[in-house]
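Enquirer: got a sequence here, can you model it:
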Amino acid sequence: MTITLATRRPVGSSGLEIPPVALGCGNFGGVGSSPEFFGQGLSDDQALELMDAAWDSGITHFDTADAYGGGRSERVIGRWISSRGVRPQLTTKTFNPMRAGADHGLTPDRIARQLDASLERLGVGQVDLYLAHEFDPDVPLGESMGAFETAAARGAVRAYGVSNFEAAQLSAALAAGRPQAIQNSHSLLERQDCADLLPLCARREVAYLAFSPLAGGWLTGKYRRGEPFPAGSRMTQRPGPYQAFLAGRTFDVLGLLADMAASRGTSMAGLAIGWLLADARVTQVVIGPGRPEHLAPVREALEHPVTGEERAAIERVVT
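Expert: Here you go, the predicted model:
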């Protein structure tokens, strides 16, 4: 089946359908949910420009979280919606603190409070998808899932789910409630969900959303063996999640992927996104560009779809 940005895929049994690509807004006013970076990342004007470019390219789903930039991400998305007069589909999340030392977690009262605050910042009465941003070992899943059910029942969210959950945690969430989606880090360099979690999602009809499809920039070719990391890159700002890539055969794999991409006339980033879009188990890919020109790999992936034969060859390289 030909995939376009207008394609819609179901989110479990919720009735919600979403496009195959969403704009990740984690760098609006910060670098993800890290309090030490609140106020950094993209300025409001840069974020507005990026949202304009994404919308004009056909990307109509924006993904954010209450703690991205300490609320700045949701706030600038709300400003964009108000000033442009259009309404993208919206995913937002809760768990992480909104400022250093603030409360966090998935207690029912906090979920209700944070959701109302998110709706206010976004300037909307409902979000399409609301996610638990992390697993909370201190709160029974039944209580958290019950709070999400309550939010859905009152019409504040169309569907709900989880993020950064392992397979056993998702199984427990499914036993305690009805999460219809999971959003995890998944890419050619991070395939830990292939063994257990993706098959679980397929069995239980849980939509799988992949964030960090370029592994923090590693799948763009910007990081090279023996060379300093580019200024302003994730490896100079928040390298922790990617330290494992410095060991093993990562650079060898990147070289092989670059050769494969060049042979088919695309960038490595276009190949990496295309690999995800070619997987029927992946409902949505959440991209996190820093500039409008970083949207180009999505166009490449759609114009040059990865075939089944190419996908098999790619997986032989990364396995």
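Enquirer: what secondary structure does L5 sit in?
Expert: For L5, the assignment made with DSSP: H, G, I helix; E, B strand; the rest coil gives coil.
Enquirer: wait, it sits on G58?
Expert: Yes - the criterion here is Cβ atoms under 8 Å, and L5 meets it with G58 at 3.7 Å. In short, each C-beta sits where N, CA and C put it, glycine included.
Enquirer: residues contacting Q183?
Expert: By Cβ atoms under 8 Å, 6 or more residues apart in numbering, Q183 lies in contact with D63, T91, K93, L131, G161, V162, S163, N164, L209, A210, F211, V286.
Enquirer: just put those residues in a markdown table and tack on pLDDT.
Expert: A markdown table is the format used below for the contacts of Q183 (pLDDT from 0 to 100):
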| residue | pLDDT |
| --- | --- |
| D63 | 98 |
| T91 | 99 |
| K93 | 98 |
| L131 | 98 |
| G161 | 98 |
| V162 | 98 |
| S163 | 98 |
| N164 | 98 |
| L209 | 98 |
| A210 | 98 |
| F211 | 98 |
| V286 | 98 |
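Enquirer: among these, which lie within strands?
Expert: Taking DSSP state E, the ones among the contacts of Q183 that sit in strands are D63, T91, K93, L131, G161, V162, S163, L209, A210, F211, V286.
Enquirer: nearest to P305 among those?
Expert: A210 (16.4 Å; Cβ to Cβ).
Enquirer: apart from its chain neighbours, what residue comes closest to that closest one?
Expert: When the adjacent residues along the chain are set aside, A210 lies closest to H186, with 3.9 Å between them (Cβ to Cβ, 6 or more residues apart in numbering).
Enquirer: let me see the backbone angles for that neighbour.
Expert: Main-chain torsions, H186, degrees, to the nearest 10: phi -150, psi 130.
Enquirer: could you count how many residues lie near it?
Expert: H186 has 26 neighbours, counted by other Cβ atoms under 10 Å.
Enquirer: that one contacts L214, correct?
Expert: No - counting by Cβ under 8 Å, H186 sits too far from L214 to count as a contact (11.1 Å).
Enquirer: returning to that earlier point: let me have the ones in strands among the contacts of Q183 in JSON lines, extended by distance to L170.
Expert: Listed next are the ones in strands among the contacts of Q183 as JSON lines, based on distance: Cβ to Cβ, whole Å:
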{"residue": "D63", "distance to L170": "19"}
{"residue": "T91", "distance to L170": "17"}
{"residue": "K93", "distance to L170": "15"}
{"residue": "L131", "distance to L170": "12"}
{"residue": "G161", "distance to L170": "9"}
{"residue": "V162", "distance to L170": "6"}
{"residue": "S163", "distance to L170": "10"}
{"residue": "L209", "distance to L170": "13"}
{"residue": "A210", "distance to L170": "15"}
{"residue": "F211", "distance to L170": "16"}
{"residue": "V286", "distance to L170": "18"}
